[in-house]
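K.L.:
Give me a 3D structure for the following:
(one chain, ligands or ions: 1)
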Amino acid sequence: MKTVDDLMTLAPVIPVLVIHDVAHARPIAEALVKGGIRALEVTLRTPAAIEVIQEMTRVEGAVVGAGTVVSERQLDQAIEAGARFIVSPGLTDTFGPAAIERNLPFLPGVSDAGDIMRGLELGLDRFKFFPAETSGGLRALKALAAPFYQCKFCPTGGITAESAPLWLAEPAVVCVGGSWLVPPGEPDPAEIETRARAAALLGH
Ligand SMILES: O=C(O)C(=O)C[C@H](O)[C@H](O)COP(=O)(O)O
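P.N.:
From the prediction side, this is the model:
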């Protein structure tokens with residue numbers, strides 16, 4: 001996987017993972033990969049996250065990345081741990097160039113036309129649309145995708161197994177992100193695999 005398009009086309013859904021216990025890392029990654037979901041976004045929202053990335057990179061077939069990345073320090077920590085892609089909730093004039101410099105697939109969050117223009121100025125045209133449902137939902141995304149015809153999106157935030165197909169039917173949407181594949185608490189690998197399998201079959 002070299003480009004952000006490679007990342008976005010690995011599967012229709014990128015699971016957004018919030019993992020508190022490093023012991024959960026492997027069973028969750030294995031269940032997702034078995035179900036056909038290979039790009040795994042580990043959010044840097046828990047003290048265990050960096051170790052979770054390290055653990056998950058040992059799972060064959062997993063393409064592990066870091067989410068909720070908001071600083072240069074986190075960029076370096078995540079990449080050192082083995083992250084192969086970077087997702088951020090937003091885009092700033094300092095963080096954007098710093099992430100681009102790392103030369104990994106990078107999906108920054110955008111929620112309006114100004115954000116997208118800032119991204120275009122940096123040479124980016126692939127974005128996470130975040131927070132998708134509360135930023136106007138599919139209607140807002142369609143309205144943004146018209147002038148920014150060259151851009152593709154991974155909407156994330158409030159998307160569910162039920163709403164994902166509606167988003168994926170929009171031509172500007174390549175994949176969606178969501179936490180529903182891995183519910184909080186003690187992981188149930190069979191259930192996670194079932195959810196992953198269903199998500200992997202979603203499509204245009
Ligand atoms: O931490 C980040 O940078 C994020 O990516 C936030 C996620 O987009 C949401 O946490 C998705 O969660 P759901 O709305 O439950 O699917």
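
K.L.:
now the residue in the chain sticking out farthest from the centre, nearest residue through space, not along the chain?
P.N.:
Distance from the centre of the chain peaks at Pro147, with 23.8 Å (CA atoms, centre = their mean). Spatial nearest neighbour of Pro147, chain neighbours left out: Ala113 (7.3 Å); criterion: CB to CB, 6 or more residues apart in numbering. C-beta here means a position set from N, CA and C on the backbone, and glycine is covered the same way.

K.L.:
Show the pLDDT at Phe148.
P.N.:
pLDDT, Phe148: 98.

K.L.:
ok, now which ones touch the residue nearest to Pro147?
P.N.:
By CB atoms under 8 Å, 6 or more residues apart in numbering, the contact list for Ala113 reads Leu144, Pro147, Phe148.

K.L.:
Take the residues you listed and keep only those in helices.
P.N.:
Counting by DSSP state H, the contacts of Ala113 place Leu144 in helices.

K.L.:
Pretty sure Ala132 sits against Ser163.
P.N.:
No. The pair Ala132 / Ser163 is not scored as a contact, 9.2 Å apart, by CB atoms under 8 Å.

K.L.:
Correct me if wrong: Val174 contacts Leu7.
P.N.:
No. If you go by CB under 8 Å, Val174 and Leu7 don't touch, sitting 9.4 Å apart.

K.L.:
ok, those two, which is more surrounded?
P.N.:
Just comparing Val174 and Leu7: by other CB atoms under 10 Å the higher neighbour count belongs to Leu7, 28 against 19.

K.L.:
Confirm that the more buried one sits in a helix.
P.N.:
Yes. When DSSP: H, G, I helix; E, B strand; the rest coil is applied, Leu7 is found to be in a helix.

K.L.:
Against the ligand, how distant is it?
P.N.:
Using CB to the nearest ligand atom, to the nearest Å, we find Leu7 at a distance of 14 Å from the ligand.

K.L.:
Skip the chain neighbours and tell me the closest residue to that residue.
P.N.:
Spatial nearest neighbour of Leu7, excluding adjacent residues (CB to CB, 6+ apart): Pro105 at 4.3 Å.

K.L.:
What is the burial count for that neighbour?
P.N.:
For Pro105, the number of neighbouring residues by other CB under 10 Å comes to 21.

K.L.:
Contacts only, for it.
P.N.:
Contacts of Pro105 (CB under 8 Å, 6+ apart): Met1, Lys2, Thr3, Val4, Asp6, Leu7, Gly65, Arg84, Phe85, Ile86.

K.L.:
before we move on, what about Leu201?
P.N.:
Gly36.
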